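K.L.:
test case, fold it:
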Amino acid sequence: MFKSKRIGVCTFCGTQGPVSDDHIPPKNLFPKPRPSNLITVDACERCNEGFHLEDEYFRVVMALHRDLIGTSEMDRLRPTVLRGLQRSDAPALKRAIEATFETIPLYDADGNVVGEDDVFSAELNRLNSVVIKTTAGLYFKVFGERVDCSSYVGSQDISRLALNRSPLSEVYAALIAQTPAFEWPGIYSARVLQFEPQYTVWRHLFYDRLEFLATTIPEALWNGGKKDAV
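P.N.:
I've put the predicted structure just below:
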């Protein structure tokens, strides 16, 4: 629930008016007891409430992701997430997840069917929206200014990128060599490279295994053909 305590400027849309604290990254990604040093930025009611369902969808996908089975922090959080799916106020979220489930065959090395497995397809645009929001919020924390409304902010699951493609491979190598700008071990970390004002590349790592790259690019650059730099 939005609880405005002050007048300010929304970090995400730039609207001036009632604002409240919004956690970046979403606080629901942290098992309880949560760290005392979580990051908040000012957000208007529309932005604060508007991201709630996307934040919860992101958390559910993380909890169901097979690559995160065996990670200590997600293993702590997963029971809470699964219980949440059973709540009476979560039918839409549950349906969105269940609608993408399908049963696929499992094969051995010789191509023989040895069993079945249930898999689901995540809506990448919903995952990316959370990463984009997180990027915008952390940009404000690092650089002390909002990402300009004319800037392009994008995100991509790193598994879908051709990291062996130069110059992207060089950017990625430089990025992971950076000291994390923000880090909660085992849960989340963020690294950032700044090329020029408003032009940055970010690496977001969740639960030590799932990576997203994000970028902020000023309008003058992406209109000039650099929008797809990441």
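K.L.:
the most centrally placed residue in the chain: what's its closest spatial neighbour, skipping adjacent residues?
P.N.:
What sits nearest the mean C-alpha location of the chain, by Cα atoms, centre = their mean, is Val131, with 2.9 Å. Nearest residue to Val131 in three dimensions, chain neighbours excluded: Ser155, at 3.9 Å (Cβ to Cβ, 6 or more residues apart in numbering). Quick note: C-beta positions are derived from backbone N, CA and C, even for glycine.
K.L.:
give me the neighbour count for the one you found.
P.N.:
Here the number of neighbours of Ser155 (other Cβ atoms under 10 Å) works out to 23.
K.L.:
buried stuff in stretch 62-71?
P.N.:
Buried positions in stretch 62-71, judged by neighbour count with 16 or more other Cβ atoms under 10 Å: Met62, Ala63, Leu64, His65, Leu68, Thr71.
K.L.:
just flag the most distant two among these.
P.N.:
Greatest spatial distance in the buried residues of stretch 62-71: Leu64 and Thr71, 13.0 Å, computed using Cβ to Cβ.
K.L.:
give me the contact list for the top helix by length along the chain.
P.N.:
Longest helix of the chain, by residue count under DSSP state H: helix 124-143. By Cβ atoms under 8 Å, 6 or more residues apart in numbering, the residues outside helix 124-143 that reach it are 11-12, 22, 24-26, 39, 41, 51, 54-55, 57-58, 61, 145-147, 153-157, 181-182, 190, 192, 194, 200, 202, 204, 212, 214, 216.
K.L.:
helices of the protein, start to end?
P.N.:
Counting by DSSP H, the helices of the chain are 45-50, 52-64, 72-85, 91-98, 124-143, 168-176, 219-221.
K.L.:
including distance to Pro18 and mean pLDDT, could these go into TSV?
P.N.:
Shown next, in TSV, are the helices of the chain (distance: least, Cβ to Cβ, whole Å; pLDDT from 0 to 100):
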stretch	distance to Pro18	mean pLDDT
helix 45-50	7	91
helix 52-64	17	93
helix 72-85	28	94
helix 91-98	27	79
helix 124-143	18	94
helix 168-176	37	88
helix 219-221	29	76
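K.L.:
closest one to Pro33 among those?
P.N.:
helix 72-85 (10.6 Å).
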